[in-house]
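Peer 1: predicted coordinates and the sequence they were generated for:
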Amino acid sequence: MSITEFYKIIKRPIITEKTTNLKKQNKYIFEVDINANKSQIKQALEKLFNVDVKEVKTIIMKGKLRRYGKYEGYRPDWKKAIVKLKPGQTIKQIEELQ
């Protein structure tokens, strides 16, 4: 796979108060492509951030109902991945964002 395909799999990191508390457990959370599987996510993270991934857990988040005046619809479903790194490893690019 090429670098551009890895960027299509890993869309963005999710940075909230809850996810910053998970860094103590060496876990990071990313929004990923809804069609990506765990092995593709692991491979993309290892190549993009040069880290060793211990485990990957994925969750499909359902889109919320949104209303615009009299019209209503749903936001699209999306997938997030909770990634645990091996001990002593960090993702420096995400640490700099906070």
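Peer 2: Sure, I can see it.

Peer 1: so where is this protein shaky, pLDDT-wise?
Peer 2: Applying pLDDT under 70 to the chain picks out residues 97-98.

Peer 1: from the contact counts, what lies against the top helix by length along the chain?
Peer 2: Secondary structure of the chain per DSSP state H: the longest helix is helix 38-49. Judged by 3 or more CB pairs under 8 Å, 6 or more residues apart in numbering; DSSP states H and E, the packing partners of helix 38-49 are helix 3-9, strand 10-13, strand 27-32, strand 53-61, strand 78-85. Using the backbone N, CA and C atoms, a C-beta is placed for each residue, glycine as well.

Peer 1: which positions within it qualify as buried?
Peer 2: With burial defined by 16 or more other CB atoms under 10 Å, the residues of helix 38-49 counted as buried are Gln40, Ile41, Lys42, Gln43, Ala44, Leu45, Phe49.

Peer 1: got the CA coordinates for it in CSV?
Peer 2: Extracted in CSV, the C-alpha atoms of helix 38-49 (Å, rounded to 0.1, in the frame of the first residue of the first chain):
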residue,chain,number,x,y,z
LYS,A,38,-8.3,-3.9,12.0
SER,A,39,-5.2,-5.2,10.2
GLN,A,40,-5.3,-2.3,7.7
ILE,A,41,-5.7,0.2,10.6
LYS,A,42,-2.7,-1.4,12.4
GLN,A,43,-0.6,-1.4,9.3
ALA,A,44,-1.4,2.2,8.4
LEU,A,45,-0.6,3.5,11.9
GLU,A,46,2.7,1.6,12.1
LYS,A,47,3.8,3.1,8.7
LEU,A,48,2.5,6.7,9.3
PHE,A,49,3.6,7.2,12.9
